[in-house]
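Chemist: 3D model of this:
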Amino acid sequence: MTIDQMTMLALLAGILALFVWGRWRYDLVAFSALLLTVVLGLVEPVEAFRGFGHPAVITVAAVLILSRALSDSALIALLSRHLEQHGGRRAPVQIGVLGGITSILSAFINNVGALALFMPVALRAARRAEHAPGLVLMPLAFAAILGGLVTLIGTPPNIIIATYRAETTGEGFAMFDFAPVGLPVAMAGVLFVAFVGWRLIPRARREGGPSPRIIEIDDYLTELRVPPGSSLVGKGPRQLRAIFDDQSARLLELIRDRERVALAGWRGRVKRGDILVVGAAPEDLAETVQTLGLELAGAAPKDAPASGADDLVLVEAVVSPAGMIERRTAEGVSLRSRYGLDLLAISRQGRRIRARLHTVRFRAGDVLLLQGPESQMPAQLAQLGCLPLVDRGIRIGGTGRAWVPVAIFVAAMAAASAGFVAPAIALGIAAAAMLFLKVIPLRDAYDSVNWPVIILLGSMMPIGGALETTGTTALITDAILGSGGALSPVFVLVLVMVVTMTLSDIVNNAATAVIMAPIGVGLAERLGTNADPFLMAVAVGASCAFLTPIGHQNNTLVMGPGGYRFGDYWRMGLPLEMLIVAISIPLILLVWPL
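Modeler: Numbers count the residues shown, from 1 in each chain. Reported below is the predicted structural model:
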C-alpha cells in the first residue's frame, strides 16, 4: 500500500464520517475535501475544478430547471386537482393512486420536486378521507424515490452512472436503458407501499384520526406577549395552567426581561410585557389569542405601516433540505424586514425547542407557521427554500401555453433517446428554450437549481478520479475479493447493491454513486465479467434509501408534517429494500448478463 493510497483511504473515511455526523453540510465537506486533495498532491490543480463542467453536473442542473418549469405548468395543476377529487378514500387506493402518479412524474422530473407537488394534494386527500397525515406521506415519499429508477434523468445516481460509463467505455446508457430494471422495481415498490407498507408504519403515526385542519401538528412552539389590559395580568401559575388547559394550549415557559422563568415552583404573578411560551395548534392558537387578549410576539405591531393592499395569510411550510433558510435563524435571514414574513410558530418533531423563536436555527423538516401578504407568499417561500403544505401558488396560464413546457421537454427526451445529441446537451437546450420563451423566469430558474448538490457533485468528481489514479479503487476491490476466497460473481453483485444501499441510507446518494461506480467496475474487471450489471446495481442501490430520514431529501421533507420519528422509516423501508434486491438482481442478470 502506497502513501497516496493510505492518504486516499483516510480521506475517504473522513468524508464519510463527516457526512454521517452532519455537523457541516455535505457540500462544504466535499469542497473542502477537494481542496485538501489538491494540497496533498492527489489531484492536479488544473483538474481540481473540471468536475463543475462535468456532463453529470450540467445534466442535473438542467433537469432541476426543467422540473421547475414543468411543475409550474397548468397541466400539473389540473392533474393535482383531479387527483385530490378522485383519489379515493380507502388507504390502499388513495396511496396507490397518489403514489403511482407521483412515481410516474418523478421518472421525468426531480423526485423531490414531484413530492413537493403532490404533498399538499395528499394532505388534503387524507383530510377528506379522515386519515392521519402519517399514513400517506411516507408511502408518497418512497413512491417518488422509486420513480427515479426508470429513466436516466430520474435521479442523480442514474446520471452519474451513465456519464461514468461514457467516460470508461465511450458509450453511455441511453435515456430508457434503466427502464427494463427500474420500471418493474418501481411498480412492485408502489404496490408494496400501497397494500402492505403503510400498515408497517407505527400505529400512533397512521391512526391519528381526522383533523379539522390540513395537517395534524400538535407541537407548535409559539410566543405570546401579555399586553396592558390582558385578563392574564396578575394571574398566578395555578390560574395560568387552568386557563390554558381550557384553551387546548399548553403553557410551557414564561420569559421576562429576556430571562426564562421556570414555571415549576414559580410563585410570581403575570405582568404586562411578559412573554408566554405555549404549545398550540394553529386554530387553537387563534382562539387563545383572541379570548385571552394576547399578542403574537413574532407579529408586527398593530400600529406598524401596512406592507401593501394584500390580505395577510397564515401558511404552514416545511423547511426543505439544503434550502436557503436551513441552519439559519429568522433573525439571521431578516425574515421580517427583507421578506415581509413573520415567524409565528415552529413545530419540530421529536425534540423540545428551548431557544427563542427568532434565534432558533431551522432544520430540514421543521414546519413553520408564517404570516405574510398573500400574493407574495409563494415567491418568498420558494426563495427561502420552504414548501407550503396547503397552496403552492401555481401560476396557471392559458391552455395553449400549458403545452409549451411539455412539448419542449418531450422534444429534448426524443433527441437524447434517439442519440442525436448527448443528454446533457439536449436538456441544456431545453432549459434555454424554456427561458427564451419565458416559460420560467430567469430568477426562478436559478432558484430551482439545488446548488449544494451541484457543489457536491463538482467536488466529488475529481475525488472519485483520484481514487482510481492512485490505485485506491483497485486496493478496495482486492480486499473485497481476497477476503472471501473465490466469490461468485452473482454474490459480489448482490454485495455491491447491498453495500451501496446501506451507504446511501446515511450518505447523499450522489456521493454514494461517485464512490461506488469505480469500485463496481473494478470488481467486474477482476472477476472477468461485464461491468454493466455492476453499474446498474450501483444505480439501483444508490437511489433506494428508505431506512433513515437522512438518506434521501424526500424522507427528510415528510418527517415533520407526518409526525415521524427517526426509527419509523426502517419498519417499512427494510422490507422494501429487501424486495428491491430480490426483484432487481434477477432482472439485472437477465437484461445485462454477466
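
Chemist: now the strands for the chain?
Modeler: Along the chain, the segments classed as strands by DSSP state E run 220-225, 250-256, 259-261, 275-279, 295-296, 312-319, 342-347, 367-373, 386-388.

Chemist: can you tell which of these is closest to Ala179?
Modeler: Using Cβ to Cβ as the measure, strand 386-388 is the one of the strands of the chain that comes nearest Ala179, at 28.9 Å. C-betas here are computed from N, CA, C, even on glycine.

Chemist: chain center to the closest one: distance?
Modeler: Taking Cα atoms, centre = their mean, to the nearest Å, one finds strand 386-388 lying 11 Å from the centre of the chain it belongs to.

Chemist: partners of that strand, with directions?
Modeler: Paired with strand 386-388 in the same sheet, following DSSP bridges, are strand 312-319 (antiparallel).

Chemist: in the partner strand, what's buried?
Modeler: For strand 312-319, the neighbour count (16 or more other Cβ atoms under 10 Å) marks Leu312, Leu314, Val315, Glu316, Ala317, Val318, Val319 as buried.

Chemist: report the angle between that strand and strand 367-373.
Modeler: Interaxial angle, strand 312-319 versus strand 367-373 (axes from the mean of the first three to the mean of the last three Cα atoms, to 10 degrees): 150 degrees.

Chemist: what's strand 312-319 in contact with?
Modeler: Residues from elsewhere that reach strand 312-319, judged by Cβ atoms under 8 Å, 6 or more residues apart in numbering: 214-215, 217, 282, 325-326, 344, 362-374, 377, 381, 385-391, 557, 560-561.

Chemist: between that strand and strand 342-347, how many degrees?
Modeler: Using the same axes, to 10 degrees: strand 312-319 against strand 342-347 is 40 degrees.

Chemist: in a markdown table: the strands of the chain, plus mean pLDDT.
Modeler: Below are the strands of the chain laid out as a markdown table (pLDDT from 0 to 100):
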| stretch | mean pLDDT |
| --- | --- |
| strand 220-225 | 77 |
| strand 250-256 | 81 |
| strand 259-261 | 78 |
| strand 275-279 | 82 |
| strand 295-296 | 77 |
| strand 312-319 | 82 |
| strand 342-347 | 80 |
| strand 367-373 | 83 |
| strand 386-388 | 85 |
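
Chemist: will you turn the ones you listed into TSV that also has distance to Gly528?
Modeler: Shown next, in TSV, are the strands of the chain (distance: least, Cβ to Cβ, whole Å):
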stretch	distance to Gly528
strand 220-225	60
strand 250-256	65
strand 259-261	68
strand 275-279	63
strand 295-296	69
strand 312-319	49
strand 342-347	56
strand 367-373	53
strand 386-388	48
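
Chemist: out of those, which comes closest to Met138?
Modeler: It's strand 312-319; of those, that one is closest to Met138 (Cβ to Cβ) at 14.0 Å.

Chemist: retrieve the pLDDT associated with Ile215.
Modeler: Listed pLDDT for Ile215 reads 42.

Chemist: again with Ser448
Modeler: On pLDDT, Ser448 comes in at 85.

Chemist: contact partners for it?
Modeler: Shown in contact with Ser448 (Cβ under 8 Å, 6+ apart): Leu64, Ile65, Ser67, Arg68, Ile440.

Chemist: now render those residues as JSON lines, adding pLDDT.
Modeler: Output for the contacts of Ser448, formatted as JSON lines (pLDDT from 0 to 100):
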{"residue": "Leu64", "pLDDT": "90"}
{"residue": "Ile65", "pLDDT": "92"}
{"residue": "Ser67", "pLDDT": "87"}
{"residue": "Arg68", "pLDDT": "85"}
{"residue": "Ile440", "pLDDT": "87"}
